[in-house]
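> following is a predicted model, sequence given first.
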Amino acid sequence: MNEEEELIRRLNAGQSEALHCIYERYKIALSRVARALLNDPARSEDVLHDVFVQFAAQSGRFRLKGSLKGYLAICVANRARNVNQQARPVDPARLREARISHQEEDHPVQAAQRSELLETLISALRQLPAEQRQVIALHVLGDLRFREIARISKVSIHTIQSRYRYGLRKLQARLNGELER
């Protein structure tokens, strides 16, 4: 039995520390996926907590098919998509608040440079079509394989790979223009 299966077994047995272990294990990667898709730290945190509340509600009957991290990342992506469909346009001032979560701040100059780069990246990601942005976030930030994204998204692996490739090209073109200024 692998570590994820053991955590699920413990969760289903009612051991609350198993949920805490799962949360601690995946919160950074899932937070990055949410932030890439929502561009809003507060809403990203809400989405992450909503997903874990729903996940906890399945305690006692959850059956794992595939990777737990992949399952949770897809849940975050789906919830983020729902939030985006219901949300008003994001206030540009909120984008400036975005920070890479759970990183220790080093020298103030480096922190400022990282913040500026992150703002540029989030702005470029925001301009991508939702399907491309989601695949990039799940693959790069969620560490999901294309096959897993395709299976859970119920589209072909070729479609997922195309969305990723086209999204990266658009992102690269936008970032090259932004970073050369």
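Nice, I can see it. Because the structure is predicted, anything quoted here is derived from the model rather than measured.
> tell me which stretches of the chain form helices.
Counting by DSSP state H, the chain has helices at residues 3-12, 16-38, 41-57, 68-86, 92-96, 108-126, 130-136, 146-153, 157-179.
> now render those as JSON lines, adding mean neighbour count.
Every C-beta, even on glycine, is put in place using the N, C-alpha and C of the backbone. Below are the helices of the chain laid out as JSON lines (neighbours: other CB atoms under 10 Å):
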{"stretch": "helix 3-12", "mean neighbour count": "16"}
{"stretch": "helix 16-38", "mean neighbour count": "19"}
{"stretch": "helix 41-57", "mean neighbour count": "17"}
{"stretch": "helix 68-86", "mean neighbour count": "20"}
{"stretch": "helix 92-96", "mean neighbour count": "12"}
{"stretch": "helix 108-126", "mean neighbour count": "14"}
{"stretch": "helix 130-136", "mean neighbour count": "22"}
{"stretch": "helix 146-153", "mean neighbour count": "19"}
{"stretch": "helix 157-179", "mean neighbour count": "15"}
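> in contact with Phe146, which residues are there?
For Phe146, the contacting residues are His139, Ile157, Ile160, Gln161, Tyr164, by CB atoms under 8 Å, 6 or more residues apart in numbering.
> now do Lys65
Here Lys65 is in contact with Tyr71 (criterion: CB under 8 Å, 6+ apart).
> before we move on, back to that, the helices of the chain: lowest mean pLDDT?
Sorting these by mean pLDDT places helix 92-96 lowest, at a mean of 42.
> and Arg10, how far from Ala73?
21 Å (CB to CB, to the nearest Å).
> can you pull the contacts of Ile22?
Leu7, Leu11, Phe55, Leu68, Leu72 are the contacts of Ile22 under CB under 8 Å, 6+ apart.
> quick one: the last one and Phe55 touch, right?
In other words, Leu72. Yes. Leu72 is within contact range of Phe55, at 6.9 Å (criterion: CB atoms under 8 Å).
> spatially central residue in the protein, please.
Per CA atoms, centre = their mean, the C-alpha nearest to the average position across the chain is that of Val33, at 1.1 Å.
> done for today, thanks.
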